[in-house]
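**Student:** Let's see this in three dimensions:
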Amino acid sequence: MKKLLFLFALLVSSALAVTSSDSVCTMQTASTGAGASTATLQAIGLALGWGTNSSAATSATTGAMTVSMTTDFVTITPTAACTFNASGGATGAFTTFVVTTSGTSSFTLTFGTNFKSVGTLATGTTTAKMFTVTFRCTNGTQWVEVGRTAAM
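**Tutor:** Purely as a prediction, here's the structure:
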């Protein structure tokens, strides 16, 4: 419920100050200025445990690879079939894979070691389509899929 209230307050006014101590978050009107909205979004995200909006590209665009699960977003434009193996993580953290299609062929993406996924993902043959697959870390190493989008 707290998260919904914070999100609603953010939608009503983009000039909020958020402070957090222990599990209590406080919001109040803040001054506006260059970067105020961005800083506010980051502060709300951190206070609610939404992460830091960090991202990193995968180490390769084809084959099997180990992905360090220390960022909020992992980006890839695959050039052939890929298998992702998760490394690391923090219990409760979320990481979203952002997949952009190249359009040359449909490539199969497999989530392997330390992932619990609903299945593989076929990228399709349309250029510049985007998929997202989001995982949540359950115990510091195991990542469970919590959602995925269709091609956008």
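**Student:** Do you have the strands of the protein handy? List them.
**Tutor:** Using DSSP state E, the strands of the chain run over 16-21, 24-29, 55-57, 63-68, 73-76, 82-87, 94-100, 108-111, 115-116, 121-122, 130-137, 143-148.
**Student:** want to throw these into CSV with mean pLDDT?
**Tutor:** Below are the strands of the chain laid out as CSV (pLDDT from 0 to 100):
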stretch, mean pLDDT
strand 16-21, 42
strand 24-29, 40
strand 55-57, 87
strand 63-68, 95
strand 73-76, 95
strand 82-87, 96
strand 94-100, 95
strand 108-111, 96
strand 115-116, 98
strand 121-122, 94
strand 130-137, 96
strand 143-148, 97
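**Student:** Including mean neighbour count, could those go into JSON lines?
**Tutor:** C-beta: built from backbone N, CA, C; applies to glycine. What follows is these, written out as JSON lines (neighbours: other CB atoms under 10 Å):
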{"stretch": "strand 16-21", "mean neighbour count": "15"}
{"stretch": "strand 24-29", "mean neighbour count": "12"}
{"stretch": "strand 55-57", "mean neighbour count": "14"}
{"stretch": "strand 63-68", "mean neighbour count": "16"}
{"stretch": "strand 73-76", "mean neighbour count": "19"}
{"stretch": "strand 82-87", "mean neighbour count": "19"}
{"stretch": "strand 94-100", "mean neighbour count": "20"}
{"stretch": "strand 108-111", "mean neighbour count": "18"}
{"stretch": "strand 115-116", "mean neighbour count": "16"}
{"stretch": "strand 121-122", "mean neighbour count": "17"}
{"stretch": "strand 130-137", "mean neighbour count": "19"}
{"stretch": "strand 143-148", "mean neighbour count": "16"}
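**Student:** ok now do residue 96, which residues does it touch?
**Tutor:** Residue 96 sits next to 72-74, 132-135 when contact means CB atoms under 8 Å, 6 or more residues apart in numbering.
**Student:** swap the cut-off to 6 Å and go again
**Tutor:** 73, 132, 134 (CB atoms under 6 Å, 6 or more residues apart in numbering).
**Student:** check contacts around the last one.
**Tutor:** Yep, that's residue 134 we're talking about. By CB under 6 Å, 6+ apart, residue 134 lies in contact with 96, 146-147.
**Student:** How far does stretch 84-92 stretch from one end to the other?
**Tutor:** 20 Å (CA to CA, to the nearest Å).
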